[in-house]
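Structure here, sequence nowhere to be found:
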Ligand code: GLU
């Protein structure tokens with residue numbers, strides 16, 4: 001079997017490949033499937049000229065990668081960030097392939113991104129950029145081809161522009177081309193909370209396996225966007241004490257517990273947590289190393305690395321973000337006996353409810369929030385249990401077990417489909 005070359009510095013693609021290689025080796029994955037899954041099936045890079053408010057045209061680079069369509073149409077979000085590059089999008093697309101396979105929703109994996117700084121753009125500029133991207137991708141995506149969704153710095157508004165643009169181009173209202181839409185445009189109840197809810201379900205299952213009661217656990221949450229804030233809120237509702245939170249302005253620590261709803265109200269009103277008095281200020285690196293039971297990194301990639309992994313005191317890490325732990329930290333965490341519920345399982349609640357949204361769009365029949373939550377919780381719990389059982393069966397970390405479960409599912413179907 002050939003294996004990818006791992007350089008010293010691990011970008012998200014290296015980190016993904018390192019885990020993929022490890023799991024592939026354990027299950028003795030054949031070269032045919034290994035080499036197919038090593039590369040994305042299709043990628044598209046576009047350059048989008050956009051008229052800025054000052055009358056000048058700026059050209060933005062965007063990507064859409066379909067890593068695999070073996071189990072169904074490609075599925076995955078679109079992010080807006082200055083860090084977007086093709087390697088990052090490729091890694092994120094592959095993670096979606098594994099994620100959808102783990103929760104058992106009938107999709108492959110895809111991802112998109114535009115290199116831009118949305119905080120520096122007006123609403124009009126963002127709308128023109130988003131519509132330009134949707135138009136450029138209109139033959140690449142589709143309800144049975146590739147279905148985007150929100151990711152970092154995108155949400156309901158961007159999805160609404162994309163449905164609108166795509167529907168105009170195709171001449172028919174096509175809500176199933178994208179998920180994470182506003183409710184009035186065919187969005188699903190429960191979708192906004194879905195990723196955080198899945199993080200909570202994984203946390204609940206993991207602490208039960210560890211023989212801990214929620215009220216004897218403390219939790220630190222890094223990141224206070226959609227995933228971080230809702231994870232914190234729902235984990236708090238389990239009875240766990242949230243002792244620290246953070247956002248772009250830094251960390252806020254209170255050993256007596258932080259009121260997550262106070263923090264959410266504050267951040268909603270002020271735009272971020274700057275000046276929040278519910279906790280004392282700590283740096284981002286101090287935050288990750290706080291003494292706690294549960295750490296939920298829900299911000300961005302490569303936060304836990306070989307530089308700080310040895311100092312992490314949490315007993316359990318539940319990865320709300322995609323790729324928050326770089327591959328060179330895995331062994332350090334394992335050796336310390338820290339249980340890591342990996343991103344491709346822990347944050348799969350979002351794509352699970354995206355699937356329900358797509359099903360509802362295809363049926364034209366909309367479910368209650370209670371039904372959405374009940375079904376999502378069931379899928380997440382069963383995915384957690386399967387990964388946990390495999391981690392015992394193969395005597396590997398939950399991360400490696402998650403890759404094993406995902407790769408085996410995709411490989412089995414790929415063999416059935418056959419090759420040229
Ligand atoms: N962007 C989210 C993720 O990384 C959701 C993707 C989706 O719903 O398709 O899982």
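Perfect, I can see it now. These numbers were taken from a predicted model, which means no experiment stands behind them.

for the chain, which helix is longest?
Taking DSSP state H as the criterion, the chain has its longest helix at helix 369-393.

Any part of that one near the ligand?
No: judged by Cβ under 6 Å from any ligand atom, helix 369-393 and the ligand are separated, with a smallest distance of 11.7 Å. Any C-beta I mention is one placed from the backbone N, CA and C, and that applies to glycine too.

ok, and what's touching stretch 37-47?
4, 17, 20, 59-69, 86, 89-90, 93-94, 97, 108, 133, 136-137, 140, 407, 410-411, 414 (Cβ atoms under 8 Å, 6 or more residues apart in numbering).

cutoff 7 Å now
4, 59, 61-69, 86, 90, 93, 136, 140, 410 (Cβ atoms under 7 Å, 6 or more residues apart in numbering).

ok, back up a step: quick check: next helix or strand after the longest helix of the chain?
As assigned by DSSP states H and E, the chain's next helix or strand after helix 369-393 is helix 398-417.

Which secondary structure elements does that following helix sit against?
Using 3 or more Cβ pairs under 7 Å, 6 or more residues apart in numbering; DSSP states H and E, the elements in contact with helix 398-417 are helix 12-27, helix 31-38, helix 86-103, strand 339-341, helix 343-346, helix 369-393.

who's in contact with whatever residue of the chain ends up closest to the ligand?
Residue of the chain nearest the ligand, by Cβ to the nearest ligand atom: residue 77 (2.7 Å). For residue 77, the contacting residues are 111, 148-151, 154, by Cβ under 7 Å, 6+ apart.

ok, 6 Å please
149-151 (Cβ atoms under 6 Å, 6 or more residues apart in numbering).

sec struct for the closest residue to residue 372 other than its chain neighbours, please.
Distances taken as Cβ to Cβ, 6 or more residues apart in numbering put residue 190 closest to residue 372, at 3.8 Å, once the chain neighbours are dropped. When classified by DSSP: H, G, I helix; E, B strand; the rest coil, residue 190 comes out as coil.

got it, and residue 79?
strand.

for the longest strand along the chain, packing partners?
What stands out as the longest strand in the chain, according to DSSP state E, is strand 57-68. The contact analysis (3 or more Cβ pairs under 6 Å, 6 or more residues apart in numbering; DSSP states H and E) places strand 57-68 against strand 42-51, helix 86-103, strand 109-114.

now the second one: mean pLDDT?
If you average the pLDDT over helix 86-103, you get 96.

Summarise which helices and strands that helix is packed against.
helix 12-27, strand 57-68, strand 74-80, strand 109-114, helix 343-346, helix 349-363, helix 369-393, helix 398-417.

strands paired with the fourth one, and their directions?
Looking at strand 109-114 with DSSP bridges, its partner strands are strand 57-68 (antiparallel), strand 74-80 (parallel).

what's the next secondary structure element after whichever strand or helix holds residue 206?
Assigned by DSSP H and E, residue 206 belongs to helix 194-209. Remark: after helix 194-209, the chain's next helix or strand is strand 218-222, criterion DSSP H and E.

on that earlier part again, write a ChimeraX command that selects only the buried members of the contacts of stretch 37-47.
ChimeraX command restricting those to the buried ones, with burial defined by 16 or more other Cβ atoms under 10 Å:
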select :62,63,64,65,66,67,68,69,86,90,93,136,140,410
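
Show me the contact partners of the longest strand of the chain.
40-52, 74, 86, 89-90, 93-94, 97, 108-116, 129, 133, 137, 140, 146.

At the contact with the ligand, which residues of this structure appear?
Proximity of the chain to the ligand, by Cβ under 6 Å from any ligand atom, involves residues 75-77, 99, 149, 151, 179, 322, 347, 350-351, 354.
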